[in-house]
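K.L.:
predicted structure and sequence below. I'll ask about it afterward.
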Amino acid sequence: MADLIKNGMHGCSQEDEYVRPEDPVIQERLEWFQDQKLALMMHFGIYSELGLCESWPLSDEDAVWSREAVDWESDPAVFRRQYVELNKSFNPVRIQPEVWADVAARNGFKYLIFTTKHHDGFCMFDTKYTDYKVTSPDCPFHTHRHANIAKDVFDAFRQKGIAIAAYFSKPDWHCPWYWAKGMDKPVGAWRNPTYKPSEHPEIWEKFVEYTHNQIMELIEDYGRIDILWLDGGQVRPQNGQDIRLSDVVARARKIQPWLLTADRTVGGPNENYITPEQSVPSGPIHVPWESCVTVGTAFSYRFDEKYKTPRQLVKLLIDVVCRGGNLALNIAPQPDGRLPAEAVRAVDGLGDWLRDNGEAIYSTRMAEPNEAGNVAFTRKGDVHYALVRLEEGERLAGDILIPWKGPVSRVTFVSVHGETRFTRCDEGIRVVVPEILRGTNPIAPVFKIEK
C-alpha cells in the first residue's frame, strides 16, 4: 500500500503513518470533513507584490528552486533585505473579502484555507506578539477598513456558510527566537533554526511560547475555526524542534472542541488528515485526506500565470473524490487584492458543472470499484454514481458503456434529471444518451445508478 500511495503523491505523510483520533467529537468532525469535498485555498502575503514564490526564497538551502524568478539581484543578503521590507509597501487596497466569498459560495466551495502567516513570519492578522504584521504602522495598509485581513476574510466567508481553516506556519523566519542572530548558522542559511534547540533551550522556549500565543489568538479572537492547518513539517519532535503541539491543541479544543488539526507531513495524533501537495494519489487512500493543488501553476501570485481550464479542474476534482479525498484548489490574489479574472473564470466553469452534478460529489464516499478507465464511481449508501471523464473534443454517441457489474434497476442522467434506458452487456451496462446531448462534448456526464 505504501508504494501505491507514494506513486503520484508529494509533500505528505503516508497512510500507514496515520493515527486515528480517539476523541468521538473529532471522529464526527472527520465525517463532516469528508462530506465537504471542495476547499478554496488562498496564499496571500507580502510575496504577492513581487509575483514570487512564497517565503522559500529567503532560505539559501532552498534557493536553487525557489529563486528561479529572482533575476534582478544576485546577492542573497540584499535580496533577503528587499523581501523582508516588503511589509513597508504591502497595500492591497482593492481587496473585497465579500467578493472573494461570493466567488467561493457560487462555485460550490465548502471551506476556506487562508494563510494567516507563512514561513516568512509576516502576519495577515492583528497579532499582539510581533510588529511584523499587516496592521503595523509601518505597513501602509494598516489604515484600511480591512486592515485585519484574516478576520474580515473569515467573517465574510462564514456569512456565506463556508467553514474556516486557518493556515499557520510553525516555522517563523522573522522571529528572533527561530532565526536567531549570532548563532551556529547565519540567518537565512536554511529552513531550520540557526541553533540547536537542545543546546539553547532558553531561546527555543521563547519560540514555543510565541507560537502557542499566536495560535491561541486565532482560536480566541477570530471566531469559529474548523481546521487548524499547520505547515512547516521540519518543526517536529523527531527533528529536535518540539513545540509541544499537543499541549496547545488541547488548550484550543477546550474553547473550540470541534477543531481538526492538519499537522502536515508529521504524522501522529495531530495530523487528523493527510495532505498531498500539487499531486493526486494514483489509487484510493483509506484515511481522510486532502490534495492541495493550484488553479494556476504556483501557490503564490505570478504575473505571467497560466490557469487550468474548467475541464481540467472538473477532472481533478473527480480524480480526488473517487479515490476518497477532498480537493483544496488554490487561487492566489493579485497584489492589489483582487482575484485574477482568468482564475475566477476557471472556477466559474467548475461551479457550473457542480450545479448540475454536485450530488455525485458532495457527501459521497469511495465506491467499489472506485474507477475503471475513464469512468469514476462514487456512492451514497446503496446509490452509486458513474462520472465519465471526457477529453476535449470527445463527443457523445448514442450510448455510453459504464463498466458497472453490480445490481441496477434504474439509471438517471443527473444533469437532465431524466431516467435513461440501459442494457446489460459483458462489460457492464450500455446507457442510452438523451437525444439532446448526442454529438456534444460535456465536461463529464454523470449517471445515477440505483439498485
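P.N.:
Arrived safely, thanks for sending.
K.L.:
where in the stretch 251-400 of the chain is pLDDT low?
P.N.:
Low-confidence segments of the stretch 251-400 of the chain, defined by pLDDT under 70, are absent.
K.L.:
mind listing the helices for it?
P.N.:
Assignment of helices within the stretch 251-400 of the chain using DSSP state H, counting those that start in this stretch yields the ranges 310-322, 341-357.
K.L.:
out of those helices, flag the one nearest Pro97.
P.N.:
Distances from Pro97 to each of the helices of the stretch 251-400 of the chain were compared using C-beta to C-beta; the shortest belongs to helix 341-357, at 14.9 Å. The C-beta positions use only the backbone N, C-alpha and C, and glycine is treated the same way.
K.L.:
in that closest one, which residues are buried?
P.N.:
343-344, 346-347, 349-354, 356-357 (16 or more other C-beta atoms under 10 Å).
K.L.:
now stretch 153-162
P.N.:
Counting neighbours by 16+ other C-beta under 10 Å, stretch 153-162 gives 153-158, 160, 162 as buried.
K.L.:
what of stretch 332-340?
P.N.:
Within stretch 332-340, the residues scored as buried using 16+ other C-beta under 10 Å are 332-335, 337, 339-340.
K.L.:
mind putting these in a markdown table, distance to Thr378 included?
P.N.:
Formatted as a markdown table, the entries for those read as follows, by distance: C-beta to C-beta, whole Å:
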| residue | distance to Thr378 |
| --- | --- |
| Ala332 | 29 |
| Pro333 | 32 |
| Gln334 | 35 |
| Pro335 | 39 |
| Gly337 | 36 |
| Leu339 | 29 |
| Pro340 | 31 |
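K.L.:
ok, of those, which one's closest to Glu54?
P.N.:
Here the nearest of the buried residues of stretch 332-340 to Glu54, counting by C-beta to C-beta, is Ala332; it sits at 8.6 Å.
K.L.:
just give the closest residue to the closest one, not the sequence neighbours.
P.N.:
Take Ala332 and drop its neighbours on the chain: the residue closest to it by C-beta to C-beta, 6 or more residues apart in numbering is Tyr301, 4.0 Å away.
K.L.:
repeat for Arg410
P.N.:
On the basis of C-beta to C-beta, 6+ apart, the spatially nearest residue to Arg410 that is not a chain neighbour turns out to be Glu450, at 4.4 Å.
K.L.:
domain parsing for this protein?
P.N.:
The chain breaks down into these domains under automatic domain parsing: 2-360, 365-450.
K.L.:
residue contacts, Pro445?
P.N.:
With contact taken as C-beta atoms under 8 Å, 6 or more residues apart in numbering, Pro445 is in contact with 387-388, 390, 396, 400, 413-415, 433, 437.
K.L.:
an error on my part: the question was meant for Cys322.
P.N.:
366-367, 370-371, 376-378, 387.
K.L.:
mind checking how far Pro21 is from Tyr273?
P.N.:
Distance check for Pro21 against Tyr273: by C-beta to C-beta, to the nearest Å, it reads 10 Å.
K.L.:
find the residues that touch each one of those two.
P.N.:
Applying C-beta under 8 Å, 6+ apart, one finds that Pro21 and Tyr273 are jointly contacted by Leu30.
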